[in-house]
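Chemist: Got a predicted structure here, sequence first:
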Amino acid sequence: MRRLYTAFLATVMALSLVTLFSKNVEAQGIPQNIPRKELLILENPEGTIKNAGWFNIWAINAGSQSNGLQQAALDTLWYIDPEKGIDGAWDNSLAADKPIYNADFTEMRVKLRKGIFWSDGVEFTSADVKATVDIQIKNPNMRFSAVLRNNVASVDAPDAETVIFKLHKPNSRFHTNFTVRWGAIWILPKHVFDKVEDPTKFDFNKPVSLSAYTLHSFDPDGKWYIWQLREDWQRTSLGRYGKPGPKYLAYVDPGPPEKRVIAQLNHELDVIHDIAPEGMFTLAKQSKSTKAWFKGFPYGHPDPTLAGVIFNTQNEHLKNRDVRWALALMIDIRAVTMAAYRGAATISAIPVPPTGIHPDAYHKPLEAWVKDFEIDTGKSKHKPYDPNVSKQIADMLRPSMGDQIPKDDKEIKDSFGLGWWKTNLEAATELLERAGYRKQANQWMTPDGKPFTVRLMVEGDLRPVMTRAGTMIVQQWKQAGIDARVDVAQGTLLTRRSAGDFDAFIGWSVETWGGHQDLSYFMDSWHSAFLAEPGKPQPLRNWQRWSHPELDGIIEKIRKIGFDDPKGIELGHDYVKLVTREMPFIPLMAYNVFTAMDHTYWTGFPTSDNPYANPVTNWGNSRYMFVKLKPAN
Amino acid sequence: MPAYFNFAIKRLWQFVLVVFIGINIAYVITHVTPIDPVEQSISAVTSFGNTSPEAIADMRRSLQELYGLKGDWIEQYISFWRRILQADFGPSLSAFPAPVTSLIARALPWTFGLLAFTTLVSWSVGNLLGALAGYYRNNRSLKFFGVLAMALHPVPYYIVALSLMIVFGFIWPVLPITGGSAMDVQQGWNWQFVASVFHHSVLPALSLIMIGIGSWFLGMRSLVSNIITEDYVVYAEIGGVAQSRMMGSYIIRNALAPQVTGLAMSLGGIFNGAVITEKIFGYPGLGTLLVDGVYAGDYGLVLGVTSIAIIGVSLSVLVIDLIYPLIDPRVQVAS
C-alpha cells in the first residue's frame, strides 16, 4: 500500500514539474519562432475559423475575412476612413484619382495607379479589375456576383491604367462598391483565377497578395494567422505612406473576454478588437500600457453605426407616430447608457451616428433646430430636447470614476455626445390618449381594449451590451404602464429581423461612412420600392419597414447628385428632420467598440487626439495603423 | 455459443435501429430550427457595404439553390440519407463549400485525444484510489483525498476551469490558456509540435480530471465498502488469503463491473465534445463546432456532429453488451 501510494505521488509530482518547466514562462500565447519586437498581435473577432485554409474571399461565406486577409493582403480602388485618415478620409488606393462619372451616372471611368505589383511579382493592371467584375458576373454564385450583375452592363480596360464601367441604369454611388468602409469588392488576381476552372471551389491557398503583407503561416485549426511584410512593400498602395512598422502581424482568436484581458495584461495581445466595458475598465485600472480611443472615459471608439430601438412599423400599434414618440418619451437615456455601457456611451438624439465627420455635418448645425423642435399633443406643446444630458451623465459618473471623467464642456460633448430627449410621461400620456389608448390602473390599453404589449427583441449573450440597454428600456416602459417584455432572440435575430418577426428590437439600421457626409450608404435601401410586404423577407437595412413619400423624395434627389456634392448635407438635414418628426426608430447611441491597445511593444496607435484611422481590428481601414506604428523602446 | 450469436445479432439490429431513430430525430430537430442559414449568409456577405435590395433578392435565390434548400422536404430527406450512407454529410453552410466530414475530421482528433485521455486517467485514478479508500478505511491520506473529492465534485465545472486559468494563466503565468498548440509551430509528428500540444492540454485536462475523478472515486469507494462486508470476503480474510490477492481477485474485480459500464458510456460520450472546456480554454474540438453550427443554422454541420455522437454512444453500449457475457461469468446469455 505504502509503495503504491508513494509511486502515485512521485508520478504526479514528476508530471507537474515536466509540465511547468517544459517551456519558457514567456512562451505562452505568442509565436515561437518570430521575434516579439517585430510582431504585432491583433484579435480576429471572427474567432476560430472552421475552414482555415480558405482564402478565396470572392466565394460566398467561405473562410475568414478578418484574419488579416482584408486588412493586410487585399486591396481595392478606394478607402474612406471613418475618422480623418492619414491624408484625409478619402484615400485613392489602387485608383489614381476619384471616380469620374458621365452626366447621367451611367458610366464610371477609373484611372489606376502605376507600379503596383502582386506579391508573386506580376504587375497589377486594369485587366485585374475587369476580371474581378467579369468572373463574378459569369459565375452567379460568387460573393459579389449579385451586386455586379445588377449594376454592370459591361466593363472595359482600354489600357493598363484605365477601366470603364458601363452601368445598366444611373447609379451615382456605384463606386462605393469598390470603396472600403469595413470591406468592399476586393480586386482579384486575373493571372491566378484565369487558371481556375471553378472559382467558387478554389481555396486560393496560398493567397497572392496585393497589399503590403503576405501570408507567412496559419493554424489549420483556425486559431491564428501570421502575415509577413513583403520585401517589395513599396510596390503596394500602402507604400506611399512609408514602411509599415511591424514585420509580422498575427491575427489570433484569443477567446472570450476574460482571456482577452489576461492576454493583454500578459502583453500577448497588442490589440483587442472589442471587449465589454467592464473589461476595458479593468485594463485601464490594471495596465499602465493599455490605451483606448479616448485617453480616459468613455474609452471606446464610436463606430459609424447608430444603435437604437427599431420599431416594426408594420405592426398595427406601431404604425402610429404618436405611439412611437410616446415610447421614446418614456425612456431615460441616462439609465440606458449606464445599463449598457456603464455610462461609456456617445449618445445621439438624431438619426445619424455621432462620430467621424457627422457631429460637424449634422449634430452641431442641427442642434438649434432640435432645441426648437416641438411636439404638439393636441392638449399641450412640449420641447422634448435636453441639451445637457451628456453633462448629466458625466456628473453621474464622476463620483465613481473620478478624474477619468472630462470636465471641459467641449470634451464632454465630444466624448458623451450632445443632448437627448427628456423623459416626459405627461407628453407620452397625451400622445397615447390621442392615439386612442386608455390607461386602466397602471396599464395602457390599446384602442380595442387589450393590454398594450411590446416585445423588445434583444440578441442575448451574443451582444450583452445591447441586451442590457434593451432590458433597461423594457423596465422603463413597464414602469410607465406598457406591457413590455424582453424577447431574447439569440442566434435567431438575423432570421427574425429579416422576416419582421418582432415588435421592436435593439439594433441598427443606420450605418454610415463616418469620414464622409454621404448618407446614401444606408438610406438608399429605405426607399419604398424596396419595402417588403408583412411576412416577406425585408432586404437590409430598412428593418423598421418604414416608408414615407418625403423620404423617397430625398433619396431620389441624392441619387441624382454626386457623392461629394454639398447638397448632400442639405438633403441629409431634411432626412434628420423627417425621421425625428416620424420616429420610426429611437436613436440611442453610437455602437462603441472598446478597442484596447497595448503600448508595450508598439506605439503610434490611432486615438481621438490622433484620429488617422479606425483602430478596430477587423476593418479594412485598420491597415493604415501599420504604417504609423513604431517599435516601443 | 449459438445463443450468444443470436444475442449478438439481436443487439446489432437494435444498434442499427437506435442509430436510425436517433439520426432521424436529429434531422427533424435541425430542420425545425428557426435560424435560416440563407439569412445568416446574406448578413455576412452584405456586411461589407451598401448592397442594393435588388442584389440581395438575387443573392437569396442563388444561396437557396447553392445550399440545396430548394425542393420539397421529401426530396431533401431522401438526398440526406443517400449521402449519410456514403458517409457524406454534405457541405457546411457556414463554411461553404468545405465538406462537413472534413471539418469533423479536423476537430475529432483534438476532442478524442483530450477526452479519451482525461476519461481514462479519471477512471483509473478515481477507481484505484476509491478501491483503496474503501478497503483501508482508516488511512488518513485516503480519508483526506475522500474529503477533497467530495468537496470538489459538486463545484460547477466552469468555476474550476476559470480558477485554473486565472491561477496558471495570470497570477503565475506558466501555462497556456488558449488553443491546442503554440502559434507558428507547424502541425506534424515533430517534437516541437507534440510538446506544444502536451503543454496546451495541461489546463483543460487538469480541469476535466479534477472534476471527473471525484465521481469515480466516490462510486468505487462505496462499492468496495459494500463488498468487503460480503461473506466470501470475510471468509477469505479468516482463511488467511493474502491482502493483495484479496484486493485484486475478490474485491476490485467484483466492484469493477458497473464501473466498466460507466467507462464505456463515458468513452462513447466523448463524441459529444466538451463544449464548456473548449469554449473556456479555446481548445479545438467537436463541441465548439457543434455550437457554431447551431448558431449559424448550419444543418449539415449540426447533423454531422450529432450523428457521430449518436453512433459513438450507441456503439459503446453495443460493445459493452457484447463483451459483458465474456468478462463477467455471472452474466449469462439466455439459451
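Modeler: Alright, I've got the coordinates. Note that the structure is predicted; figures quoted are calculated from it, not measured. Residues are numbered from 1 along each chain as shown, chains lettered A, B, ... in the order given.

Chemist: okay, CA-based contacts and neighbour counts for the rest of this
Modeler: OK.

Chemist: Quick check: most distant residue from the centroid of chain B.
Modeler: Largest separation from the mean C-alpha position in chain B: residue B:54, at 45.9 Å (C-alpha atoms, centre = their mean).

Chemist: Checking that residue next. Helix, strand or coil?
Modeler: Under DSSP: H, G, I helix; E, B strand; the rest coil, residue B:54 falls in the helix class.

Chemist: Mind pulling up the pLDDT for it?
Modeler: What the model reports for residue B:54 is a pLDDT of 75.

Chemist: can you check the one 10 residues further on too?
Modeler: The predicted local confidence for residue B:64 comes out at a pLDDT of 76.

Chemist: Which helix or strand contains it?
Modeler: For residue B:64, the element it lies in under DSSP states H and E is helix B:53-66.

Chemist: in that helix, what counts as buried?
Modeler: By neighbour count with 16 or more other C-alpha atoms under 10 Å in any protein chain shown, helix B:53-66 contains the buried residues B:53-56, B:58-60, B:62-63, B:66.

Chemist: Same question for stretch B:264-271.
Modeler: B:264-271.

Chemist: tell me the contacts of residue B:211?
Modeler: The contact partners of residue B:211, by C-alpha atoms under 8 Å, 6 or more residues apart in numbering or on different chains, come to B:152-153, B:155, B:157, B:160.

Chemist: What number of residues are in the vicinity of residue B:160?
Modeler: 17 (other C-alpha atoms under 10 Å in any protein chain shown).

Chemist: correct me, but it touches residue B:207?
Modeler: Yes. Residue B:160 lies in contact with residue B:207 (C-alpha atoms under 8 Å); the separation is 6.3 Å.

Chemist: Can you read off the backbone torsions of residue A:443?
Modeler: phi -120, psi 120 (degrees, to the nearest 10).

Chemist: So the nearest residue to residue A:555 once chain neighbours are set aside: helix, strand or coil?
Modeler: In this structure, residue A:555 finds its nearest non-sequential neighbour in residue A:524, 6.0 Å apart by C-alpha to C-alpha, 6 or more residues apart in numbering or on different chains. Classification of residue A:524 by three-state DSSP places it in helix.

Chemist: For residue A:524, give me the pLDDT.
Modeler: 93.

Chemist: Residue A:569 too?
Modeler: Reading off the model, residue A:569 has pLDDT 97.

Chemist: which ones are touching it?
Modeler: A:361-362, A:517-518.

Chemist: Adding secondary structure, distance to residue A:142 and pLDDT, write the buried residues of stretch B:264-271 out as a markdown table.
Modeler: Shown next, in a markdown table, are those (DSSP: H, G, I helix; E, B strand; the rest coil; distance: C-alpha to C-alpha, whole Å; pLDDT from 0 to 100):
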| residue | secondary structure | distance to residue A:142 | pLDDT |
| --- | --- | --- | --- |
| B:264 | helix | 47 | 83 |
| B:265 | helix | 45 | 82 |
| B:266 | helix | 44 | 85 |
| B:267 | helix | 42 | 84 |
| B:268 | helix | 41 | 78 |
| B:269 | helix | 39 | 78 |
| B:270 | helix | 38 | 81 |
| B:271 | helix | 35 | 76 |
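
Chemist: What is the longest strand of chain A by residue count?
Modeler: strand A:301-311 (DSSP state E).

Chemist: when you check chain A, which of the buried residues of helix B:53-66 turn up near it?
Modeler: B:53-56, B:58-59, B:62-63, B:66 (C-alpha under 8 Å from any C-alpha of the partner chain).

Chemist: now could you export just the CA positions of stretch A:219-226 as CSV?
Modeler: Below are the C-alpha coordinates for stretch A:219-226, written out as CSV (Å, rounded to 0.1, in the frame of the first residue of the first chain):
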residue,chain,number,x,y,z
ASP,A,219,-3.2,27.3,-38.0
PRO,A,220,-5.1,24.6,-39.8
ASP,A,221,-7.5,24.7,-36.8
GLY,A,222,-8.2,28.3,-37.5
LYS,A,223,-6.8,29.9,-34.3
TRP,A,224,-4.1,32.1,-35.8
TYR,A,225,-2.8,33.6,-39.0
ILE,A,226,0.6,35.2,-39.4
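
Chemist: close to chain B, is it?
Modeler: Yes. With C-alpha under 8 Å from any C-alpha as the measure, stretch A:219-226 is seen reaching chain B through A:219, A:221, A:223-224, A:226.

Chemist: And the furthest pair within those residues?
Modeler: A:221 and A:226 (13.5 Å; C-alpha to C-alpha).

Chemist: hmm, back to that, weed out the non-buried ones from the residues of stretch A:219-226 next to chain B.
Modeler: Looks like those have A:219, A:221, A:223-224, A:226 buried, using 16+ other C-alpha under 10 Å.

Chemist: so what's the residue farthest from the centre of chain B up against?
Modeler: Residues counted as contacts of residue B:54 (C-alpha under 8 Å, 6+ apart) are A:150, A:530.

Chemist: And the one 3 residues further on, by the same measure?
Modeler: Neighbour list for residue B:57: residue A:539 [criterion: C-alpha under 8 Å, 6+ apart].

Chemist: could you pull out the helices for the stretch 201-350 of chain A?
Modeler: Along the stretch 201-350 of chain A, the segments classed as helices by DSSP state H, counting those that start in this stretch run A:257-265, A:277-286, A:321-329, A:333-341.

Chemist: any chance of those helices in TSV, with mean pLDDT, mean neighbour count and distance to residue B:133 too?
Modeler: Compiled in TSV, those are given as follows (pLDDT from 0 to 100; neighbours: other C-alpha atoms under 10 Å in any protein chain shown; distance: least, C-alpha to C-alpha, whole Å):
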stretch	mean pLDDT	mean neighbour count	distance to residue B:133
helix A:257-265	92	21	39
helix A:277-286	92	17	45
helix A:321-329	98	23	66
helix A:333-341	96	21	52
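
Chemist: Turn the ones you listed into a markdown table, columns for distance to chain B.
Modeler: A markdown table is the format used below for the helices of the stretch 201-350 of chain A (distance: least, C-alpha to the nearest C-alpha, whole Å):
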| stretch | distance to chain B |
| --- | --- |
| helix A:257-265 | 6 |
| helix A:277-286 | 12 |
| helix A:321-329 | 26 |
| helix A:333-341 | 23 |
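
Chemist: how about those helices in JSON lines, adding distance to residue B:111?
Modeler: Shown next, in JSON lines, are the helices of the stretch 201-350 of chain A (distance: least, C-alpha to C-alpha, whole Å):
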{"stretch": "helix A:257-265", "distance to residue B:111": "21"}
{"stretch": "helix A:277-286", "distance to residue B:111": "30"}
{"stretch": "helix A:321-329", "distance to residue B:111": "50"}
{"stretch": "helix A:333-341", "distance to residue B:111": "37"}
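
Chemist: neighbours of residue A:577, just the number please.
Modeler: If you count neighbours by other C-alpha under 10 Å, residue A:577 ends up with 18.

Chemist: whoops, I mixed them up, residue A:529
Modeler: With other C-alpha under 10 Å as criterion, residue A:529 counts 11.

Chemist: So, low pLDDT: which residues of the stretch 301-450 of chain A?
Modeler: The model of the stretch 301-450 of chain A has no residue with pLDDT under 70.

Chemist: Just the closest residue of it to chain B, please.
Modeler: Nearest residue of the stretch 301-450 of chain A to chain B, counting by C-alpha to the nearest C-alpha: residue A:305, 12.1 Å away.
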